[in-house]
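# How does the following fold in three dimensions:
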Amino acid sequence: MSVDFDIAKKELLKLKEEYETRIDKIEDHIQNPQDSLNEHWEDQAISYRQNDMRKSLMGEARQNLIYVENALSRIENGTYGECEVCGRDIEEKRLEAVPYATLCMEHAE
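Next comes the predicted model:
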């Protein structure tokens, strides 16, 4: 495989930091809302809907953080870049686009 593991690790660590920051910001906003609870009920409904959206985004960020952490583990154990289904190398362009990919293009479809 011609993937540079050092570069991949740096990119994954950068992604990890981005997801951790995103999660922290969303959690902070949910726990410390910037809007008053004494608003009109229409405004509260919008606020609750926005909170649901934030929780959804936080769940997505947490899942992606798990993917990134798993990819970092695969780098450490020497299996990074191998398709989980067939064991062949995952295409370099795919890993550039999705650094935590676990499937080659054939099996990702």
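# use CA for all of it now, contacts and neighbours both
OK.
# any idea how far the residue minimising distance to the centre of the chain is from Pro99?
Most central in the chain under C-alpha atoms, centre = their mean is Asn64, positioned 2.2 Å from the mean C-alpha point. Distance, Asn64 to Pro99, using C-alpha to C-alpha, to the nearest Å: 11 Å.
# Also Lys93?
9 Å.
# Give me the more crowded residue out of the two.
Neighbour count, other C-alpha atoms under 10 Å: between Lys93 and Pro99, Pro99 has more, with 21 against 11.
# is it true that that one lies in a strand?
No - secondary structure of Pro99 (DSSP: H, G, I helix; E, B strand; the rest coil): coil, not part of a strand.
# gap between it and Lys14?
Distance from Pro99 to Lys14, by C-alpha to C-alpha: 11 Å.
# And for Tyr48?
For Tyr48, the distance to Lys14 - C-alpha to C-alpha - is 32 Å.
# same deal with Gln50?
Taking C-alpha to C-alpha, one finds Gln50 at 27 Å from Lys14.
# Name the residues of the lowest-mean-pLDDT helix or strand in the chain that are buried.
In the chain, no helix or strand scores lower on mean pLDDT, DSSP states H and E than helix 41-77, which sits at a mean of 87. By neighbour count on 16 or more other C-alpha atoms under 10 Å, the buried set for helix 41-77 is 47, 51, 54-55, 58, 61-62, 64-65, 67-72, 74-75.
# Equivalent analysis for stretch 26-33, please.
For stretch 26-33, by 16+ other C-alpha under 10 Å, it's Ile26.
# pLDDT of stretch 87-98, averaged?
Averaged across stretch 87-98, pLDDT comes to 94.
# Give me the distance between the two termini of that stretch.
Using C-alpha to C-alpha, first and last residues of stretch 87-98 are 18 Å apart.
# ok, residues contacting it?
Residues from elsewhere that reach stretch 87-98, judged by C-alpha atoms under 8 Å, 6 or more residues apart in numbering: 1-3, 81-83, 101-105.
# okay, these in TSV with pLDDT next?
Listed next are the contacts of stretch 87-98 as TSV, based on pLDDT from 0 to 100:
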residue	pLDDT
Met1	56
Ser2	70
Val3	78
Gly81	95
Glu82	96
Cys83	96
Ala101	96
Thr102	96
Leu103	97
Cys104	95
Met105	95
